[in-house]
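**Student:** Sharing a sequence plus its predicted fold:
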Amino acid sequence: MADIYVRHVEILGFEKRYYPSQHYVYMFLVKWSDQSEKLIYRRYPEIHTFHKSLKEMFPIEAGDIEAKDRIIPSLPAPKWLDSQKTTETRQGTLAEYCRSLLNLPPKISRCQLVRTFFKVRPEDETPPAPHPFKRNETYVMSRDRARTTTSEITGPIMLDSYRVIADYSKSSKYELNLKAGDLVEIVEKSPNGWWFCQCETHRGWAPAAYLEPLDGPDEREEPEPNYAGELYKTTKAYKGVEDDELALEAGETVEVIHKLLDGWWVVRNGEETGYYPSMFLCRTGEKREVEAEKDIVRRETPPPRRSTIRNAQSIHAKGRQRISQDTYRRQSRRFLQQRGRLPSQPRKNSRAALVEKNGDTAPPKDETKRTPVIPPRPSPELIMERCTENTRKRISIHAN
């Protein structure tokens, strides 16, 4: 009898638990090939651990050897501290991840690792011990939101509040005028860097670079750099304005290594890295180019960058932790060399580098003069002459 396999996974929502400490677990409805349906609970860190194990089991399909061969979907790394908003936002990501996972070839989607992860555990059937004072809170995901990965307001939830760091004058009727110090509520965070905000009774789009969180300068939802890279295609040409931006033509294929929330992603083109507007990029192999072109017609210019804002007034003593392009290039080059996609280069001050630069492959004329000469072995008489009296006595004893 063939082993049963997972044929469908649906995320139902998440639970906020307080025992032994506050944490969040996701609820999945797993449908098996024998027509059985089981409810399981998984925390996000263990979901990501499963994801890493799957990539190690199938390195080719994970893109560890060649990025173009990757078919295993991506999954953002967990954060140090999970908030309710972060947990809620991840639901769409997990729904898309499970859908893509089960659409992989059977050798992956039906492997033992996948079956074990979605198998019912004893703790799934036996609820955890309740907190003596607080009850677990359950948040059910609506079916409309389960079908899409975009952010949607599906119920009376708390919106994130952000502070405006500088004055901004809108350039279209769809945008908001902002004043430094205003507090706005974020309704939707679009990946192109334009966020839909609400300021008192007004609603409209605003550039994310003009907004900062209240609890700290850094965005907790921002992912870490992925130097393996994701293949994207440029949908519109862009000439870099700043020194750390790339100039690319439409139709070029690049690798995205860091998706920043302000809409300016770090891309790799060959060995060069730089910022590029995410609104001018779409995944390769996906039918999103038409949608991307429609978005370009609606917005001809990308959002402004934080580095170009004058008189920015932040309430935080420390600024945002930004990675320099030198670091991006250095880490990217190191990653490519480890994967064998880039040959190791000699140091700039090394002899090989100088020879390659001068175009001279022959050794210098005085190379033989620099080679140390091995001195001749001294004669026994000379050795005895340079020895101490005790050494001579010992040698004479052994000789006799």
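**Tutor:** Nice, thanks for sending it over. The shown structure was predicted, so the numbers you read here are calculated from the model rather than taken from an experiment.

**Student:** where does the stretch 1-150 of the chain dip in pLDDT?
**Tutor:** 1, 127-133, 142-150 (pLDDT under 70).

**Student:** can you give me the helices for it?
**Tutor:** With DSSP state H, counting those that start in this stretch as the criterion, the stretch 1-150 of the chain has helices at 44-57, 84-102, 106-109, 112-118, 122-125, 143-146.

**Student:** State the next helix or strand along the chain beyond the last one.
**Tutor:** Moving toward the C-terminus from helix 143-146, the first helix or strand encountered (DSSP states H and E) is strand 160-164.

**Student:** from the chain's centre, how far out does that next one sit?
**Tutor:** How far strand 160-164 lies from its chain's middle: 24 Å, per CA atoms, centre = their mean, to the nearest Å.

**Student:** what angle do it and helix 84-102 make?
**Tutor:** Put simply, strand 160-164 runs at 110 degrees to helix 84-102, going by axes from the mean of the first three to the mean of the last three CA atoms, to 10 degrees.

**Student:** Alpha carbons of strand 160-164, in CSV - could you do that?
**Tutor:** Output in CSV follows, covering the C-alpha atoms of strand 160-164 (Å, rounded to 0.1, in the frame of the first residue of the first chain):
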residue,chain,number,x,y,z
ASP,A,160,0.2,50.5,12.6
SER,A,161,0.9,54.2,13.4
TYR,A,162,3.9,55.9,11.8
ARG,A,163,5.4,59.4,12.2
VAL,A,164,6.2,61.8,9.4
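
**Student:** Now it: buried residues?
**Tutor:** By neighbour count on 16 or more other CB atoms under 10 Å, the buried set for strand 160-164 is Asp160, Tyr162, Arg163, Val164. Just so you know, the C-beta spots here come from the backbone N, C-alpha and C atoms, and that holds for glycine as well.

**Student:** contacting residues around it?
**Tutor:** 85, 178-186, 197, 210-214, 315 (CB atoms under 8 Å, 6 or more residues apart in numbering).

**Student:** Buried among those? Make that a ChimeraX selection.
**Tutor:** A single ChimeraX command selects the buried members of the contacts of strand 160-164 (16+ other CB under 10 Å):
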select :178,182,184,186,197,210,211,212,213
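
**Student:** Please flag which of the contacts of strand 160-164 sit within helices.
**Tutor:** Of the positions in those, Lys85 sit in helices, assigned by DSSP state H.

**Student:** Which ones among the contacts of strand 160-164 map onto strands?
**Tutor:** Among those, the ones falling in strands (DSSP state E) are Leu183, Val184, Glu185, Ile186, Cys197, Leu211, Glu212, Pro213.

**Student:** which residues does the first one form a beta bridge with?
**Tutor:** Same thing as Leu183. Leu183 has these beta-bridge partners by DSSP bridges: Arg163.

**Student:** coming back round to it: between the ones in strands among the contacts of strand 160-164, which is nearest Lys79?
**Tutor:** Using CB to CB, Pro213 is the member of the ones in strands among the contacts of strand 160-164 that lies nearest Lys79, at 13.5 Å.

**Student:** Name the nearest residue to the closest one, ignoring sequence neighbours.
**Tutor:** Tyr162 (6.1 Å; CB to CB, 6 or more residues apart in numbering).

**Student:** What separation do you get for the one you found and Ile186?
**Tutor:** Counting by CB to CB, to the nearest Å, the separation of Tyr162 from Ile186 is 6 Å.

**Student:** residues bridging contact with the two, i.e. touching both?
**Tutor:** Cys197, Leu211.

**Student:** And for stretch 31-43, what's in contact with it?
**Tutor:** Taking CB under 8 Å, 6+ apart as the rule, stretch 31-43 contacts 4-10, 12, 15, 23-30, 117-121, 123-124.

**Student:** Number of residues surrounding Trp32?
**Tutor:** When neighbours are defined as other CB atoms under 10 Å, Trp32 has 17 of them.

**Student:** Quick check: beta-bridge partners of it?
**Tutor:** Beta-bridge partners recorded for Trp32 (DSSP bridges): Val6.

**Student:** thinking again about what came up before, give me the lowest-pLDDT entry from the buried residues of strand 160-164.
**Tutor:** On pLDDT alone, Asp160 ranks lowest of the buried residues of strand 160-164, at 79.

**Student:** what's the spacing between that residue and Ile4?
**Tutor:** Applying CB to CB to Asp160 and Ile4 gives a distance of 42 Å.

**Student:** was I right about Leu211 contacting Phe196?
**Tutor:** No: between Leu211 and Phe196 there is no contact under CB atoms under 8 Å: 11.8 Å.

**Student:** So for the two, which residues contact both of them?
**Tutor:** Ile186.

**Student:** Hmm, Glu61 and Leu104 touching each other?
**Tutor:** Yes: counting by CB under 8 Å, Leu104 sits close enough to Glu61 to count as a contact (7.5 Å).

**Student:** Tell me how many other residues surround the residue lying closest to His8 once chain neighbours are set aside.
**Tutor:** Nearest non-adjacent residue to His8, counting by CB to CB, 6+ apart: Lys31, 4.0 Å away. Using other CB under 10 Å, the number of residues around Lys31 comes to 15.

**Student:** Please tell me how far Lys31 sits from Glu96.
**Tutor:** Plainly put, Lys31 is 17 Å away from Glu96 if you go by CB to CB.

**Student:** likewise Gly193?
**Tutor:** Applying CB to CB to Gly193 and Glu96 gives a distance of 21 Å.

**Student:** Between those two, which has more neighbouring residues?
**Tutor:** Gly193 (25 against 18).

**Student:** quick one, what contacts that one?
**Tutor:** Here Gly193 is in contact with Pro207, Ala208, Ala209, Leu261, Asp262, Gly263, Trp264, Pro277, Ser278, Met279, Pro302, Pro303 (criterion: CB under 8 Å, 6+ apart).
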